[in-house]
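J.: A predicted structure for the sequence below; I have some questions about it.
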Amino acid sequence: MSPEQKAVLASYERMVEMAQHLTPEERSALAEWERANLGDGVTSTSDWPGWEAVFARLSH
């Protein structure tokens, strides 16, 4: 596995772990964003802008 592939895999692993700790409000915001933005075959759940705030909250 290349370093780039390892970095992508690590990113997805962090997202999956963070998803387990979303607040009800964050889950709702993610679901709403997914309804409005997914389905084009390009955008994915990992593109949700809220991940940055979740990461910041869980890093403390």
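T.: Structure's in. What do you need?
J.: What residues does the closest residue in space to Val54 that isn't next to it in sequence make contact with?
T.: Among residues not flanking Val54 along the chain, Met18 sits closest, at 5.1 Å (Cβ to Cβ, 6 or more residues apart in numbering). Using the backbone N, CA and C atoms, a C-beta is placed for each residue, glycine as well. Contact analysis of Met18 by Cβ atoms under 8 Å, 6 or more residues apart in numbering lists Trp51, Val54, Phe55, Leu58.
J.: so the second one touches Glu25, yeah?
T.: No. Taking Cβ atoms under 8 Å as the contact criterion, Val54 and Glu25 are not neighbours in contact, 10.8 Å apart.
J.: ok, back up a step: secondary structure class for the residue nearest to Val54?
T.: Following DSSP: H, G, I helix; E, B strand; the rest coil, the label given to Met18 is helix.
J.: Next secondary structure element downstream of the lowest-mean-pLDDT helix or strand in the chain?
T.: Lowest mean confidence among the helices and strands of the chain (mean pLDDT, DSSP states H and E): helix 3-19, at a mean of 91. Using DSSP states H and E, the next helix or strand after helix 3-19 towards the C-terminus is helix 24-37.
J.: tell me the angle of that next one relative to helix 3-19?
T.: 130 degrees (axes from the mean of the first three to the mean of the last three Cα atoms, to 10 degrees).
J.: can you pull the buried residues of helix 24-37?
T.: Neighbour-count burial for helix 24-37, counted by 16 or more other Cβ atoms under 10 Å, picks out Glu26, Ala29, Leu30, Trp33.
J.: got those as TSV, with distance to Glu4 and pLDDT columns?
T.: Formatted as TSV, these follow (distance: Cβ to Cβ, whole Å; pLDDT from 0 to 100):
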residue	distance to Glu4	pLDDT
Glu26	29	98
Ala29	30	98
Leu30	26	98
Trp33	27	98
